[in-house]
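In: predicted model and sequence below, questions to follow.
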Amino acid sequence: MTGEEFIAQAIATGSLFGSKVGSGLAALDPAVPLTYVDDVTGRQGSRTLRRDYGLFEVTCGGDPDWTCQAFSLEVHRLLHLPRLRDELRDRLDIRFERFTRWTDVQRAHERIPGAGALEVLDETPGYRLFRDRASGVTVHVVHDPSAVRGDFPGHDDVWSLEIISPAYMR
């Protein structure tokens, strides 16, 4: 699968590797054979776990039976992490390039049967935010015609995705 197809699937389904907001964190372990770093903050009874897999982060609550509250797919990190791109290809059969063009993701998204409509949520001089209200996914796209690919993604490249519960998007 290409990176564009993976991102399009995440947008359409509101999930990463079969896990959605509300899923138990334990379900990710067998589905994602990648190394990660855990960061637990807060006091007993209201602790939060942020697990960083490099490509994506998951935020969980409900210690000790951690439940996923949000996912963040950090596409911009792939530019500077060739080992992570190799690991994604070798372990998960996902082929990401250094940059991911939004128009390519849109085309892949349109080919998914039943995929929701993508609406422009916000537009600033630096980013455009697109949202699929049905799946709870927001996509951050670089929106600066002077931004050229190099050390950072360029104009019309995907920066990141956020998956949160649609209940919080009213």
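Out: Sure, I can see it. Keep in mind that this is a model prediction, so the values were computed, not measured.

In: please count neighbours and contacts with C-alpha atoms only from this point.
Out: Will do.

In: ok, residue 135 to residue 110 distance?
Out: 15 Å (C-alpha to C-alpha, to the nearest Å).

In: where are the low-confidence patches of this protein?
Out: 165-170 (pLDDT under 70).

In: middle-most residue in it, spatially?
Out: residue 73 (2.2 Å; C-alpha atoms, centre = their mean).

In: just the strands in the chain please.
Out: Counting by DSSP state E, the chain has strands at residues 15-16, 19-20, 37-41, 48-52, 56-61, 67-73, 119-123, 127-132, 137-142, 158-164.

In: tell me the contacts of the nearest residue to residue 38 once chain neighbours are set aside?
Out: Nearest non-adjacent residue to residue 38, counting by C-alpha to C-alpha, 6 or more residues apart in numbering: residue 51, 4.5 Å away. When contacts are counted by C-alpha atoms under 8 Å, 6 or more residues apart in numbering, residue 51 touches 36-39, 57-59.

In: ditto for residue 33
Out: 91-92.

In: please apply the same query to residue 9.
Out: Applying C-alpha under 8 Å, 6+ apart, the residues near residue 9 are 15, 109, 112.

In: residue 72 now?
Out: Applying C-alpha under 8 Å, 6+ apart, the residues contacting residue 72 are 56-58, 160-163.

In: over to residue 98?
Out: Per C-alpha under 8 Å, 6+ apart, neighbours of residue 98: 78-80, 82.

In: same thing with residue 102?
Out: 141, 156-158.

In: out of those, which is most surrounded?
Out: residue 158 (27 neighbours; other C-alpha atoms under 10 Å).

In: with adjacent residues omitted, what lies nearest to that one?
Out: Leaving aside its chain neighbours, residue 158 sits nearest to residue 141 (4.5 Å; criterion: C-alpha to C-alpha, 6+ apart).

In: now do the contacts for the one you found.
Out: Taking C-alpha under 8 Å, 6+ apart, one finds 102, 127-130, 155-160 in contact with residue 141.

In: which one of the residues you listed is nearest residue 147?
Out: residue 155 (5.3 Å; C-alpha to C-alpha).

In: and for this protein, the residue most distant from the center?
Out: Largest centre distance within the chain, by C-alpha atoms, centre = their mean: residue 44, 28.6 Å.

In: give me phi/psi at that one?
Out: phi -50, psi 130 (degrees, to the nearest 10).

In: what about it, distance to residue 61?
Out: The value you get for residue 44 to residue 61, if C-alpha to C-alpha is used, is 11 Å.

In: same question, residue 132
Out: 24 Å.

In: repeat that for residue 136.
Out: 18 Å.

In: likewise for residue 157?
Out: Taking C-alpha to C-alpha as the measure, residue 157 and residue 61 are separated by 31 Å.
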